[in-house]
Each structure stands twice: as structure tokens, then as C-alpha cells.
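Asks: Okay, here's the prediction I keep looking at, along with the sequence it came from:
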Amino acid sequence: MSHYLFTMTDAGGTIAPELSVARGLVARGHSVTVLGDRIIADEVAAIGAGFRPWEAAPQRASRRREDDLIRDYELKTPAQQVGLMREILFGWAPGYAADTKRALDEGGYDAVVSCFFLVGAQIAAEARGLPHAVLVPNLWGEPGTGLPPFGAGLQPASGPLGRARDALMTRVATRLWNKALPDLNALRAGHGLPPVAGVFEQFRDAQRLLVLSAEAFDFPAARMPANLRYAGPRFDDPGWVEPWAPPPGDEALVLVAFSTTFQDHERTLQRVVDALGALPVRAVVTTGPAIDPASLRAPARVQVVASAPHSAVLREAAAVVTHAGHGIVMKALAADVPMLCMPMGRDQNDNAARVVAHAAGLRLRPRASSRAIGRAVTRLLGEPAFGESAARLGTEIRATALRDLAVDELEALPRRPESYSPSLRSGVRSSGSSRSISFVKMRSERL
């Protein structure tokens, strides 16, 4: 049996799927220690893993809105959004590297499993010569894979104009990302590692890049990193969800599930509640830790709660209205439930684009009126084709969960440092093979 060190940070939808992978290892008899935010200590204990907190690295003090470290809703342009992501991945990396190195120096670990966002932890593992894997809790967004540019919510390119569009956007995105290259290489040099030519080469130094999604959901890619595997989505609910009972009645049930972190979406939620209140449906609205349920005005047939186990609600739901975060999209499709996507940023536009491409739902802007929302929900409930498409894709998604591919891949990592051979950094494979808030605000204002 092996001892794995997991490094995690609460970035919204990251903890539940990563803890699910850790729990799978524990269930097979392995030892797991999680190095992460103090606020996840109880969730870690619940899966039978050990815990140690970050010390030097940034972490959330709570899940309340005021303690959110990622205030991307304050940014206005795509360049600023990429700038904030650069800061999270590479600007915060020294703290994560120092804490991970400290843990590894104490010995006893056979491999490191790191959240995609924690580049510093990955560098510490690489410098120590330990086998390490990276968990990606959403779709892979590297420029130059042949997929539509990350975050734009575009359909695959068609014809010369589409290919020119993608080529231009890829060049711009690569240039924006590589502004972090000097900082990344300085940190690598400080840990005795050679430089990389581009920031995404860092992820090719992992033995496995495990995308916790279904390949059937994604668009076909022309090329992917050679170490990348689609390991299937995780369906676990967060450990902090509360018990739930369905609202009374026999009308169709609609689940409303937006981000667990604040994305300035209170007014959107209120318009959704108003829309559903005017329809002959029941609804369950989960606000998450960042929004007080009492702040929303709702009629009796619309139940507003801080949390509920989405897996249980989806067993009764006929439709979902969502921001299109990866986690809820995977859960809805696995339950054969069509959805109305109202993406607000991050990876949500890309998830929504795929839902629409698979004909498993509709898409509206987050500023859509209650009337438009009502019409869209009425279509989802009244046109069987949406549910049929969701069910077809759901069958494929559920099939990926029959075997725990992520745990299989982690068990296959070499168990001894001397058997570790550095990486497939330059390789690609063809598609089809299988700190404080003020600190963040200060940095983001000049990105």
C-alpha cells in the first residue's frame, strides 16, 4: 500500500471531486494525507484521511463572501481574467511550494497528487523526485490543442474563418499566459529544476494529468499532452451540504444551482426565482455559502435553501437552471436532466457551449429577463428532445464511473522515487487515445 500526499485549495468546485478521488484510494487500503485549507479539515477527516494545513500559502478563512480570494467578478476584460489566473497559479506558487516541501521533507510519502491550481506543490514534488499527478476538476484549457480557446464559450471552428479565429485567439492567449514565465522559471530554478519554454509545459512534468471529466462531453481535440487522461467526473456532494426534503406537490421539480462562491449573481438568482414562481412548477434553489437564502423573495412553491444534496434533488428533477459549473453539469447529465445554462465566467461558458452542442439544454446570458428564463424552462419541460439528448450523453458519462479510472491511474504511479523518470514535457497525444483579499485585489487591479 502507498502513502499519497494530496494538495488542495478551496477554489469553489475543486474540493468535492478531489476528496472523492482521495476517498477512493483510502477505500482500497492506501494512506492519504491532505495538505489544504483549514476550512476543509472536517471534510478530510470524514473520508478517513490525515490532514495538515497550509502555513505560508494563501487560503480561505471561511466560505463566506468576504473571505473569497478569487474576486473575478470585479474584473472587466478577458485579459484581466487571465491575469488573475496567472496570479493564482504562478504568483501564489512560492507559498504552496514552501509548504509542500516542508511536508515532503518529513518523509513517508510515495507520491503527490495536486490540484491543477497548485503549481508550487507540483514543483516541490518534481524537485523531490517523487511521482506526482495533477487533478483537473474541469475541462483542459491549454491553448493550442485544437479546441476552441478556453473561456470563450465557442463552438469548434468551421472553415477558414473559424480556424483563423482560433489561431489568433490562441496566439493572444499564449502570450498572456506566458507573462508568468519569468516567475515560474525563477521558482523552478530555486528548487533546482530546469526552465520551461512555456507555462503549460509545467503540467507535462507530471506523470499523469487527470481530467475529471468525460471525454464524451468534450469537443474532439487535435492534440493533447501525452500524460493527459480523461479519468471521468466525480458525483460526490460537498461535505458541508445539509439534509433536504422535497417541497410538497406533484408539479415538475426544477433545481436551481449556481456557484458555491460569489460571482455577483444575486440579481440573476432573483430573476430565476421570479420566473419559476410564475410557472406551474416546484423549485429548489440552493444559494451556497456565499448568499443568504433570506435575501431572495420567493413564493411558496420555490424552496430556497443554503444547500441540499444535488445528487438527491436530481433524482426527482425535470430540469436544472445553473451557471454551468463543471460539477453540476456533470451531475445533471449523469441524471439525464436537461439544463438552462447561464454562465458567468471561468470555465462556465465552455461547459455551456458543450451542453448546447449536445442538444442537452439551452443557454442564456446571466442578465436575461425573468420572462426569457421562463420561456426557456418551459421549452426544457415541454420538448422531450432535450431530455432525450441529456439521457444519451448521461449513459456515456455514467459508464465512465463504473470503473474508478482516477484511482486506477494513481495506483499505477511508480512507488519508489528511483523509478521516477522525468516527463513527457514535450510530448503530445492525438485525441481519441486514451493572502489576504486585499492582496488579491491589489494584484488584480494591475493585471
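Replies: Happy to help now that I have it. In this text the structure is predicted, and so the values were computed from the model without any measurement.
Asks: where do the strands sit along the stretch 151-300 of the chain?
Replies: Applying DSSP state E, counting those that start in this stretch to the stretch 151-300 of the chain gives strands spanning 208-211, 224-225, 228-230, 253-257, 282-286.
Asks: who wins for proximity to V407 among the ones you listed?
Replies: Shortest separation from V407 across the strands of the stretch 151-300 of the chain is recorded for strand 208-211, at 9.9 Å, computed as CB to CB. The C-beta positions use only the backbone N, C-alpha and C, and glycine is treated the same way.
Asks: Walk me through which strands that closest one pairs with, and which way each runs.
Replies: Looking at strand 208-211 with DSSP bridges, its partner strands are strand 132-136 (parallel), strand 228-230 (parallel).
Asks: Among those strands, show me which one is buried the most.
Replies: strand 132-136 (a mean of 27; mean count of other CB atoms under 10 Å).
Asks: I'd like the mean pLDDT over stretch 101-108, please.
Replies: Average pLDDT, stretch 101-108: 92.
Asks: Any idea how far apart the tips of stretch 198-205 sit?
Replies: Using CA to CA, to the nearest Å, the end-to-end distance of stretch 198-205 comes out at 12 Å.
Asks: How far does it sit from its chain's centre?
Replies: Stretch 198-205 has its C-alpha centroid displaced from the chain centroid by 19 Å (CA atoms, centre = their mean, to the nearest Å).
Asks: buried set for it?
Replies: 198-205 (16 or more other CB atoms under 10 Å).
Asks: Could you dump the strands paired with strand 208-211 into CSV and include distance to A111 and mean pLDDT?
Replies: What follows is the strands paired with strand 208-211, written out as CSV (distance: least, CB to CB, whole Å; pLDDT from 0 to 100):
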stretch, distance to A111, mean pLDDT
strand 132-136, 6, 96
strand 228-230, 16, 96
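Asks: Any chance of TSV for these, columns distance to S369?
Replies: Putting those into TSV (distance: least, CB to CB, whole Å) gives the following:
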stretch	distance to S369
strand 132-136	35
strand 228-230	37
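Asks: for these, which one sits closest to A372?
Replies: Distance to A372, taken as CB to CB, is lowest for strand 132-136 among the strands paired with strand 208-211, at 33.2 Å.
Asks: Residues in contact with the closest one: which ones?
Replies: 17-18, 21, 111-116, 122, 125-126, 203, 206-213, 406, 409-410, 413 (CB atoms under 8 Å, 6 or more residues apart in numbering).
Asks: Give me the buried subset of these.
Replies: 17-18, 21, 111-116, 122, 125-126, 203, 206-213, 406, 409-410, 413.
Asks: What's the mean pLDDT across stretch 330-340?
Replies: 97.
Asks: sorry, back to before: to G146, which of the strands paired with strand 208-211 lies closest?
Replies: strand 228-230 (13.2 Å).
Asks: Would you check that I373 makes contact with R271?
Replies: Yes - taking CB atoms under 8 Å as the definition, I373 is a contact partner of R271 at 6.2 Å.
Asks: List the residues that contact D218.
Replies: For D218, the contacting residues are 139, 147, 230, 354, taking CB under 8 Å, 6+ apart as the criterion.
Asks: go again using 6 Å as the cut-off
Replies: Listed by CB atoms under 6 Å, 6 or more residues apart in numbering, the contact partners of D218 are L139.
Asks: Check what pLDDT it gets.
Replies: Per-residue pLDDT puts D218 at 95.
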